[in-house]
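Enquirer: No sequence on hand, only this structure:
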Ligand code: SF4
Ligand code: F3S
Ligand code: FES
């Protein structure tokens, strides 16, 4: 492991550099009784992502730092975290948008799920809720020779909800989910919407029935945190309202 952070190749070409203090909420279940803050001074380019900065901390300052990341490009949804008090994907958040030169950024695990270590939370309850809405295509009729076709208008009805990457930014920013983990949560409702409003799917009554349970859509109190947190700009609260209406009228 190198002792110093290698200067970025283009640093000498006038790329704006920043010094930031990265304040991370750390927790090691084998050593700590409760979480505590640790601060790491980092020099980085203004256009770096927060993920680059956290990688820097892990690779050059403290290899014990634990967090999830995979694609690095906003596709896999694995690096949701609380950055300056707001749920974001670290790989989609530019340093210059959350920090000033000489300033501090805070990084914490997403809320409402058990912290396993540092920024790593137990995602199983989140995926249990996802599985509960039957997140797969159901159509018992014989398949046509080619594809099951949709009109552009039919495809549009599920266009937003099919953009979800299951990052959990929405569900873990919802105050209802914080106090009642049995609420299926906005991410699962978005996923249910994706199938309920799919003209080719035949399980709408079953999914609407799941949404009508006391763990379903009626728990939503229109707090809007979910919509503000979504890195895919999915209009989640509107989607939840559409599902509520579909439950009321039992039609999609
Ligand atoms: Fe993430 Fe948005 Fe999907 Fe919620 S709806 S899980 S915030 S992509
Ligand atoms: Fe929660 Fe979003 Fe409803 S934050 S209360 S699911 S609008
Ligand atoms: Fe995949 Fe950020 S690492 S979405």
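Expert: Thanks, I have it. All figures in this text were calculated on a predicted structure; none of them were measured in a lab. Ligands and ions are numbered 1, 2, ... in the order given.
Enquirer: and residue 232, how many neighbours does it have?
Expert: 17 (other C-beta atoms under 10 Å). Glycine gets a C-beta too; all of them are placed from N, C-alpha and C.
Enquirer: so it touches residue 164, yeah?
Expert: Yes: Residue 232 lies in contact with residue 164 (C-beta atoms under 8 Å); the separation is 6.6 Å.
Enquirer: per-residue confidence at the residue in the stretch 51-200 of the chain that ligand 2 sits nearest to?
Expert: Closest contact between the stretch 51-200 of the chain and ligand 2, by C-beta to the nearest ligand atom, is at residue 174 (3.3 Å). For residue 174, the model assigns a pLDDT of 98.
Enquirer: now check stretch 65-73, is it near ligand 3?
Expert: Yes: part of stretch 65-73 sits near ligand 3 under the criterion C-beta under 6 Å from any ligand atom, namely 69, 70, 71, 72.
Enquirer: ok, and what's touching that stretch?
Expert: Stretch 65-73 has contacts (C-beta atoms under 8 Å, 6 or more residues apart in numbering) with 24, 26, 51, 54-55, 57-58, 76, 78-79, 81, 90-91, 116-120.
Enquirer: from these, which would you call buried?
Expert: Buried members of those, counted by 16 or more other C-beta atoms under 10 Å: 24, 26, 51, 54-55, 57-58, 76, 78-79, 81, 90-91, 117-120.
Enquirer: For residue 239, which non-adjacent residue is closest in space?
Expert: Once flanking residues are discounted, residue 239 sits nearest to residue 193: 4.9 Å by C-beta to C-beta, 6 or more residues apart in numbering.
Enquirer: Could you give the number of residues near the one you found?
Expert: Neighbours of residue 193 (other C-beta under 10 Å): 29.
Enquirer: Surely it forms part of a helix?
Expert: Yes: under DSSP: H, G, I helix; E, B strand; the rest coil, residue 193 sits within a helix.
Enquirer: Just want the residue of the stretch 1-150 of the chain that's nearest ligand 1.
Expert: For the stretch 1-150 of the chain, C-beta to the nearest ligand atom, closest residue to ligand 1: residue 77, 6.0 Å.
Enquirer: helix/strand/coil for the nearest residue to that residue once chain neighbours are set aside?
Expert: The spatial neighbour of residue 77 that comes closest, neighbours along the chain excluded (C-beta to C-beta, 6+ apart), is residue 167 at 3.3 Å. Secondary structure for residue 167, judged by three-state DSSP, is coil.
Enquirer: for residue 167, what are its contacts?
Expert: 77, 78, 80, 89, 187, 231.
Enquirer: So how do I select the buried members of the residues of stretch 65-73 next to ligand 3 in PyMOL?
Expert: In PyMOL, this line selects whichever of the residues of stretch 65-73 next to ligand 3 come out buried by 16+ other C-beta under 10 Å:
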select buried, resi 69+72
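Enquirer: between the residues of stretch 65-73 next to ligand 3, which is nearest residue 47?
Expert: Within the residues of stretch 65-73 next to ligand 3, the smallest distance to residue 47 is 14.6 Å, found for residue 72 (C-beta to C-beta).
Enquirer: Quick check: that closest one is in a helix.
Expert: No: counting by three-state DSSP, residue 72 is not part of a helix but coil.
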